[in-house]
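Colleague: what follows is a predicted protein model with its sequence.
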Amino acid sequence: MTGPSSIVLGGRTFPLIKTYVMGIVNVTPDSFSDGGLYAETGEAVAHALRLVDEGADILDIGGESTRPRGQAYGEGSQPVSTLEEIRRVIPVIEALAQQTDVPLSVDTTKSEVAEAALQAGATIVNDISGFTLDPTLPHVIARAGAAAVVMHMRGTPRTMQQDTHYDDLFGEVLGSLRRSVEAGRAAGIDRIMVDPGIGFGKDARGSLTLLGGIDRFHEFGCPVLVGPSRKAFIGTILGTSVGDRVEGTIAACVLAAARGARFFRVHDVRAVRRALSVADAILTSRE
């Protein structure tokens, strides 16, 4: 399927001839990389505005950690209530909507949180479950005229690393995303991005395989978003801790860009933006 030449997010048109960076804003005490650093509203807003200065094209605000349970991350994240998630993210989104015109995304699986966030100023909903945890979510997004990101994840954050074996990795991930896209379109969402879910229910080999074949996700006619930032597969290769994986993150983003991915959800916005700008210049110079 031929994809669109551009996508409109938050009133901005994003031509898909180049790449865009989505900066991560975790308003959580327990995220795998930066848990607790920006858990208060003022700290989260200041961090988000720094990411905009560093080149973020979109901000993704989340109030519930998805840190997996397993050897690399211990017991994993704890689920939070809808009210607690709203308490964490809504003041941040309201403040950012007044201080920046960068499109705001809310990272949630819950329709109640998404609805409050869209009313507060978000224009994108990033659902790591691909509409499998809350089937009413696509209807909330459609009613608001918002865009969606649907990601593949096997199980939940607490269970997803318990079984990372696939008899047919691409077949299962593509099939799941196909159902997510169909659910979104059936509800009336007209702008959807797909995310194969690097590190979500995949081991290092699975994550590398998906990144190497990222062009296969163009079959939905949707822009492709990837989130390799500081993930465990980089640590497996380099033997580095979570905070020391920027070079691996850059390598994954640049190679995925060469295979057609256009949106990159990352922590290290400045470094990734600079690398992708060079990649964009090379890729668009081809005759």
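Modeller: Happy to help now that I have it. Predicted, not measured: the structure shown is a model, and the values here were computed from it.

Colleague: A helix includes residue 14, no?
Modeller: No. Read with DSSP: H, G, I helix; E, B strand; the rest coil, residue 14 is strand and lies in no helix.

Colleague: what residues are up against it?
Modeller: 6-8, 20, 57, 262 (C-beta atoms under 8 Å, 6 or more residues apart in numbering). Where C-beta positions appear, they are placed from N, C-alpha and C, glycine not excepted.

Colleague: let's go with 10 Å and repeat that
Modeller: 4, 6-8, 20, 57-58, 103, 223, 262-263 (C-beta atoms under 10 Å, 6 or more residues apart in numbering).

Colleague: where in the stretch 151-287 of the chain is pLDDT low?
Modeller: Counting by pLDDT under 70, the stretch 151-287 of the chain has low-confidence residues at 287.

Colleague: what ranges of the stretch 1-150 of the chain fall below the confidence cut-off?
Modeller: For the stretch 1-150 of the chain, the stretches flagged by pLDDT under 70 are 1-2, 30-36, 68-77.

Colleague: apply 80 and report the result again.
Modeller: Along the stretch 1-150 of the chain, segments meeting pLDDT under 80 span 1-3, 30-39, 67-78.

Colleague: can you pull out the strands in it?
Modeller: Per DSSP state E, counting those that start in this stretch, the stretch 1-150 of the chain carries strands over the ranges 6-9, 12-15, 20-26, 58-62, 104-107, 124-127, 147-151.

Colleague: which of those strands is buried the deepest?
Modeller: Each of the strands of the stretch 1-150 of the chain was scored by mean neighbour count; the highest is strand 104-107, a mean of 29, by mean count of other C-beta atoms under 10 Å.

Colleague: give me the packing partners of it, helices and strands only.
Modeller: Counting contacts by 3 or more C-beta pairs under 10 Å, 6 or more residues apart in numbering; DSSP states H and E, strand 104-107 is packed against strand 20-26, strand 58-62, helix 82-99, helix 111-120, strand 124-127, strand 147-151.

Colleague: quick revisit: now render the contacts of residue 14 as CSV, adding distance to residue 209.
Modeller: CSV is the format used below for the contacts of residue 14 (distance: C-beta to C-beta, whole Å):
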residue, distance to residue 209
4, 27
6, 30
7, 27
8, 32
20, 24
57, 28
58, 27
103, 31
223, 21
262, 20
263, 20
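
Colleague: nearest to residue 191, of those?
Modeller: residue 7 (5.6 Å; C-beta to C-beta).

Colleague: how close does the closest one get to residue 22?
Modeller: Computed as C-beta to C-beta, to the nearest Å, the residue 7 to residue 22 distance reads 13 Å.

Colleague: overlap of the contact sets of the two?
Modeller: Each of 193, 263 lies in contact with both residue 7 and residue 22 under the rule C-beta under 10 Å, 6+ apart.

Colleague: name the residues of stretch 124-142 that are buried.
Modeller: 124-132, 134, 137-142 (16 or more other C-beta atoms under 10 Å).

Colleague: again with stretch 274-287
Modeller: 275-276, 279-280, 283.

Colleague: dump those to TSV, plus secondary structure.
Modeller: Output for the buried residues of stretch 274-287, formatted as TSV (three-state DSSP):
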residue	secondary structure
275	helix
276	helix
279	helix
280	helix
283	helix
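
Colleague: tell me which of these is nearest to residue 110?
Modeller: Using C-beta to C-beta, the buried residues of stretch 274-287 come closest to residue 110 at residue 276, 31.2 Å.

Colleague: spit out the contact partners of the closest one.
Modeller: With C-beta under 10 Å, 6+ apart, residue 276 has these contacts: 18-21, 55, 250, 253-254, 256-257, 262, 264, 266, 283.

Colleague: tell me how far it lies from residue 18.
Modeller: Distance of residue 276 to residue 18, given as C-beta to C-beta: 8 Å.

Colleague: which residues touch the host helix or strand of residue 209?
Modeller: Assigned by DSSP states H and E, residue 209 belongs to helix 204-212. For helix 204-212, contacts defined as C-beta under 10 Å, 6+ apart pick out 72, 152, 164-166, 169-170, 173, 196-200, 202-203, 216-217, 226, 228, 231-237, 251-253, 255-256, 259, 261.
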